[in-house]
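Trainee: sequence unknown, structure follows:
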DNA sequence: CTTGACCTTCCAGTGACTGGAAGGACTATC
DNA sequence: GATAGTCCTTCCAGTCACTGGAAGGTCAAG
């Protein structure tokens, strides 16, 4: 199947799929006319990649997961370890963003937002309002 | 003052400060020997940039904020609008990450994580366990 | 036979830095 | 004055995960 169809089924644009080939994530067969030829199994792997990426795994982590996925003898502990590490990262990121949100929200509620030139947001950013 | 000292005071590495000069964010004077010469006011602006960046404003947003910061006649409404937009973005990102965390956490708790080759995480990623 | 959609490769750009090489400037010590 | 070490300069390249675009080949429909 052509790259366009494969992309539609996997939820990935052709550009991205070609990029995955470039970096050796998934190298398909070729048709006689030189077009890439994706099997159903390839599409399966592409969907796997699409899901893993959207769950925040880096391309290198996806590469690991994909090789574990294809390895019938792998231990699920390996996969769990990768997922657990990622989970901790996500949790940390959420907390960072929450404190960022709190600061921004504080700034916004304390700015009168009219035509006066004094602005608590800029004061805060400039350090006037304490460190 | 030299770039190293300015960087220490502003909490930014010299590389980053030079980069900010490259993109026209903050262009300092030069000393006779060709070294960059940062005034206290420059350091103030650098700190402003450091804070804004760490609050998640893009460099272009920082550029806007910085020009508003230097503009005595600006309206605080402009500043508030930028901050509010950013706040909404941060909130959206938090929610995305939370749902991501829920999926990952579900995967991790359902994977026995031992030496058995079957793994619910990979099954889920491959789409076996429903879309 | 032409149109248009699809495919190919290759090169360049994104954002916001970061690393490193090659070389000049300054300070302290011998 | 020589030397060592730290700081500074510029410039080029790399990061990550794509994305855009140009130039050209292939295929199906009308």
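Mentor: Everything's here; your move. Every value quoted in this text rests on a predicted model; they were computed, and no experiment measured them. Numbers count the residues shown, from 1 in each chain, chains lettered A, B, ... in the order given.

Trainee: OK, contacts around the residue nearest to residue A:1 when sequence neighbours are not counted?
Mentor: Nearest residue to residue A:1, sequence neighbours excluded (C-beta to C-beta, 6 or more residues apart in numbering or on different chains): residue A:38, at 4.9 Å. Yep, even glycine has a C-beta here, placed from its N, CA and C like the rest. Residue A:38 makes contact with A:1-3, A:5-6, A:28, A:46 under the criterion C-beta atoms under 8 Å, 6 or more residues apart in numbering or on different chains.

Trainee: low-confidence stretches in chain A?
Mentor: Applying pLDDT under 70 to chain A flags the ranges A:70-75, A:114-131.

Trainee: quick one, phi/psi of the residue sitting nearest the centre point of chain A?
Mentor: By C-alpha atoms, centre = their mean, chain A has its centre lying nearest to residue A:56, at 3.9 Å. Backbone dihedrals for residue A:56, given as degrees, to the nearest 10, come out at phi 90, psi 10.

Trainee: pretty sure it contacts residue B:99?
Mentor: No. Assessed by C-beta atoms under 8 Å, residue A:56 is found out of contact with residue B:99, at 11.0 Å.

Trainee: which parts of chain A sit against DNA strand C?
Mentor: A:2-5, A:14, A:18, A:34-36 (C-beta under 7 Å from any atom of the strand).

Trainee: so which of those residues belong to strands?
Mentor: Those of the residues of chain A next to DNA strand C mapping onto strands are residue A:36, per DSSP state E.

Trainee: what's the most distant pair in the residues of chain A next to DNA strand C?
Mentor: A:5 and A:34 (16.5 Å; C-beta to C-beta).

Trainee: now do the helices in chain A.
Mentor: A:3-10, A:14-22, A:40-54, A:59-69, A:76-110, A:120-126 (DSSP state H).

Trainee: just those: most buried one?
Mentor: Compared across the helices of chain A, helix A:120-126 shows the largest average neighbour count, a mean of 21 (mean count of other C-beta atoms under 10 Å in any protein chain shown).

Trainee: ok, residue A:32 to residue B:59 distance?
Mentor: When distance is defined by C-beta to C-beta, to the nearest Å, residue A:32 is 49 Å away from residue B:59.

Trainee: likewise residue A:36?
Mentor: Counting by C-beta to C-beta - residue A:36 and residue B:59 are separated by 38 Å.

Trainee: got the contact list for the residue nearest to the centre of chain A?
Mentor: So residue A:56 contacts A:86, A:89-90, B:97, B:100, B:104 (C-beta under 8 Å, 6+ apart).

Trainee: try 7 Å
Mentor: A:86, A:90, B:100 (C-beta atoms under 7 Å, 6 or more residues apart in numbering or on different chains).

Trainee: now swap in residue A:66 and tell me
Mentor: Applying C-beta under 7 Å, 6+ apart, the residues near residue A:66 are A:25, A:45, A:48-49.

Trainee: so what's the closest residue to DNA strand C within chain A up against?
Mentor: Nearest to DNA strand C in chain A, going by C-beta to the nearest atom of the strand, is residue A:4, at a distance of 2.7 Å. Contacts here follow C-beta under 7 Å, 6+ apart; on that basis residue A:4 touches residue A:14.

Trainee: ditto for residue A:78
Mentor: Residues near residue A:78 by C-beta under 7 Å, 6+ apart: residue A:68.

Trainee: look up how far residue B:25 lies from it.
Mentor: 45 Å.

Trainee: domains for chain A, by residue range?
Mentor: A:1-74, A:87-131 (automatic domain parsing).

Trainee: possible to save these as CSV with distance to residue B:109?
Mentor: Output for these, formatted as CSV (distance: least, C-beta to C-beta, whole Å):
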stretch, distance to residue B:109
domain A:1-74, 15
domain A:87-131, 10
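
Trainee: sweet, I'm off.
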